[in-house]
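> I would like the atomic coordinates for the input below:
(2 chains)
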Amino acid sequence: MSPHTDTLHTLNAKEPRRDIEISFSNVSKSWGSNQVLRGLDFEVKAGEKVSIIGPSGSGKTTILRILMTLETPDVGVVTVGGDILWDAREGVKSKETKQTQITRRKVGMVFQQFNLFPHMTVLENVVEAPIHVLGISKQEANERAVDLLELVGLKEHMKHTPPELSGGQQQRVAIARALAMRPRVMLFDEPTSALDPELIGEVLGVIRRLATTTDMTMLMVTHEMRFAQEISDRVVMFDKGVVVEQGPPEQIFKNPKEERTERFLKAVTSY
Amino acid sequence: MIIWDSEFAISIIPTLLKGLWLTLQITFIGFFISLAVGLLVAIVRYLKIPVISPIFTFWVSFVRGTPLLVQAYVAFYVLPLMGVTFDALPTGIVVIGLNYSAYTAEVYRAGIEQLPKGQWEAATALSLPRWRTWMRIVVPQAVRPIIPVLGNYLIMMFKDSAILSSITIIELLGSALSIGSGYYRYLEPITIIGLMYLAISFPCSLLIKRLERRFVPTH
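As a prediction, this is how the structure comes out:
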């Protein structure tokens, strides 16, 4: 470890910028010749609700996947709650470390395809990680899981398995499962893209409730423009691995400054 | 001329049943070994651990590339020359168990690889420890679709265990052969054990067909 890295570590330990929950500094990521992130600098304040929009393949999902440690950045530093998640400052590709694993626990994620464990009941899905990662007692985990399932309106389904539920119900279970780890940061990766249109509303309803009643930091990749406008403090337009434009939802949706944003919004809202 | 002697046939049945019982014991213990070792081999190979995984891979091709009979001979007649001596029965069970583990490892691998990537990602997102992910998420889901294939291996092992008669184990074939050489009559013992093998393997194969319908997803 270089002296430079050491200093930054100490600096972070002394003055954790608790107002900044997520920071990307100079983060790049490529797949072969395809550069999905190009020196991204990006911050999210604690408690902020941010929506990321942009064409597919623009790298927006990669941001979430790096935060969830499902991808490794090639270059750059990523922190969550002031703690290092990824550190590849020296141009050395970052590796998952103990620190990465500890910091990761602050983050929860809801996937496009739900990714529930199909061979376990709804309740078992929700209590698995609290018991085996957080180490809380089975009884306490069960009680909390029941509360969370009630919150997402699925308490009566806790003995069912995911394949017995509709897509909307599965996604709500997935939200409860992520919440059971009490994350400070919740990531939503196109949470309604795999759903039948009539089931989208119930999932958005749950996310809306979280957005308005909790102080969790929320980062959402979505194609639901109206919903993004409604719940976000900030909307980020992303294209070709860089932030094109960002600002309050009214500004981005009603009055975009960039021609690229305007073109994208026109394409997704009219046909 | 061949003449079937019913009295003789009935008189040898108790001895043959003893042999059948030993065959079943060999099969179940051997199969248990092959399930456990095969899973270990599949996981180690999947994890791509430097040095260790290639050794396991080589071992699998070695086992698959040589006849079970030769492996049994080596274990029973050659290893003692190097100072390693075990009784015939444990040697035979371990040989057949390890032999089959090379095959079950491949079956497990198929089961593990067909698990959707999202399952691994969900486990990571929940910070589940590696061991817990394997035992609670991966293995239960990987095993379910391969249960019929493993069942077929169980039947094959039941029949292949006859090979162990060649290293002095008096299992079903071994007991028939010793009766045959003792009385100079092979017709009755060999016919009866053939029917015994069939009486067990045929219903089992029907059962596996049913399992297939239940466990293999049709999506």
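> what helix or strand does A:Q246 sit in?
Using DSSP states H and E, A:Q246 sits in strand A:242-247.
> Show me the strands paired with that strand, marking each as parallel or antiparallel.
strand A:234-239 (antiparallel) (DSSP bridges).
> pLDDT averaged over the strand holding A:Q246 - what is it?
In this model, strand A:242-247 carries a mean pLDDT of 93.
> Which positions in that strand come out as buried?
A:V242, A:V243, A:V244, A:E245, A:Q246, A:G247 (16 or more other C-beta atoms under 10 Å in any protein chain shown). To be clear about C-beta, it is placed using only N, CA and C from the backbone, and glycine gets the same treatment.
> Which residues are in contact with the last one?
Looking back up the chat, that one is A:G247. By C-beta atoms under 8 Å, 6 or more residues apart in numbering or on different chains, the contact set of A:G247 is A:R234, A:V235.
> Doesn't A:Q113 lie inside a strand?
No: looking at A:Q113 with DSSP: H, G, I helix; E, B strand; the rest coil, it is coil, so not inside a strand.
> Surely it is in contact with B:K117?
No: taking contacts as C-beta atoms under 8 Å, A:Q113 lies outside contact range of B:K117: 9.5 Å.
> rewinding a little: can you lay out the buried residues of strand A:242-247 as TSV showing distance to A:L67?
Conversion of the buried residues of strand A:242-247 to TSV gives the following (distance: C-beta to C-beta, whole Å):
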residue	distance to A:L67
A:V242	18
A:V243	16
A:V244	20
A:E245	21
A:Q246	17
A:G247	22
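> State the number of residues packed around B:C204.
If you count neighbours by other C-beta atoms under 10 Å in any protein chain shown, B:C204 ends up with 15.
> likewise A:S23?
When neighbours are counted by other C-beta under 10 Å, A:S23 comes out with 18.
> ok, what's across the strand from it?
A:E43, A:T79.
> how much space between it and A:T214?
21 Å (C-beta to C-beta, to the nearest Å).
> Could you do A:M158 as well?
22 Å.
> Who has more neighbours out of the two?
Neighbour count, other C-beta under 10 Å: between A:M158 and A:T214, A:M158 has more, with 20 against 13.
> In contact with B:I170, which residues?
B:G19, B:L22, B:S178.
> where does residue 83 fall, phi/psi-wise?
If you meant another chain, say so; for now it's chain A. Note on A:D83: backbone dihedrals following degrees, to the nearest 10 are phi -100, psi 140.
> doesn't A:R38 fall inside a strand?
Yes: under three-state DSSP, A:R38 sits within a strand.
> burial count for it?
Neighbours of A:R38 (other C-beta under 10 Å): 15.
> Tell me, how many residues neighbour the closest residue to it other than its chain neighbours?
Take A:R38 and drop its neighbours on the chain: the residue closest to it by C-beta to C-beta, 6 or more residues apart in numbering or on different chains is A:G241, 4.0 Å away. Neighbour count for A:G241, taken as other C-beta under 10 Å: 21.
> do the same with A:H119
So A:H119, with other C-beta under 10 Å, has 17 neighbours.
> What parts of chain A come near chain B?
A:68-70, A:101, A:104-105, A:107-109, A:111, A:113-120, A:128-129, A:132-133, A:177-178, A:181 (C-beta under 8 Å from any C-beta of the partner chain).
> List only buried entries from these.
Using 16+ other C-beta under 10 Å, the buried members of those are A:68-70, A:104-105, A:107-109, A:111, A:113-120, A:128-129, A:132-133, A:177-178, A:181.
> Next step: these restricted to helices.
A:R104, A:E128, A:A129, A:R177, A:A178 (DSSP state H).
> where do the helices sit along the chain?
Just going to use chain A. Using DSSP H, helices in chain A cover A:3-14, A:60-67, A:98-104, A:122-129, A:138-151, A:167-179, A:197-213, A:225-231, A:249-254, A:259-269.
> switch to chain B, that's the one I care about
B:6-47, B:52-65, B:68-73, B:88-113, B:117-125, B:130-132, B:139-143, B:147-160, B:172-183, B:187-215.
> where does the chain dip in pLDDT?
I went with chain A, as the question did not name one. A:1-18, A:90-91, A:270-271 (pLDDT under 70).
> The chain in question should be chain B.
Using pLDDT under 70, the flagged stretches of chain B are B:1, B:216-219.
> Try it again at 50.
B:219 (pLDDT under 50).
> what about B:A123, how many neighbours?
Neighbour number of B:A123 under other C-beta under 10 Å is 22.
> I meant to write A:Q35 there.
Other residues close to A:Q35 by other C-beta under 10 Å number 16.
> Check B:V95 too.
Residues near B:V95, counting by other C-beta under 10 Å: 24.
> Could you give the bridge partners of the residue sitting nearest the centre point of chain A?
Computing the C-alpha centroid of chain A and ranking residues by C-alpha atoms, centre = their mean puts A:L187 first, at 1.5 Å. Taking DSSP bridges as the rule, A:L187 bridges to A:M109, A:L219.
> who in chain B is up against chain A?
B:116, B:118-119, B:121-122, B:124-129, B:132, B:136-137, B:140-141, B:144.
> Give me the buried entries from those.
Here, 16+ other C-beta under 10 Å leaves B:Q119, B:E121, B:A122, B:T124, B:A125, B:L126, B:S127, B:L128, B:R132, B:R136, B:I137, B:Q141 buried among the residues of chain B next to chain A.
> give the contact list for the fourth one.
In this case it means B:T124. Here B:T124 is in contact with A:M68, A:T69, A:L70, A:R104 (C-beta under 8 Å, 6+ apart).
> Then the last one?
Contacts of B:Q141 were listed using C-beta under 8 Å, 6+ apart, and they are A:F117, A:P118, A:H119, B:G111, B:L115, B:Q119.
> what's the answer for the third one, then?
For B:A122, the contacting residues are A:F111, A:N115, A:L116, A:F117, B:I137, taking C-beta under 8 Å, 6+ apart as the criterion.
> cool, the fifth one as well?
Taking C-beta under 8 Å, 6+ apart as the criterion, B:A125 is in contact with A:M68, A:L70, A:V107, A:G108, A:M109, A:F111, A:N115, A:A178.
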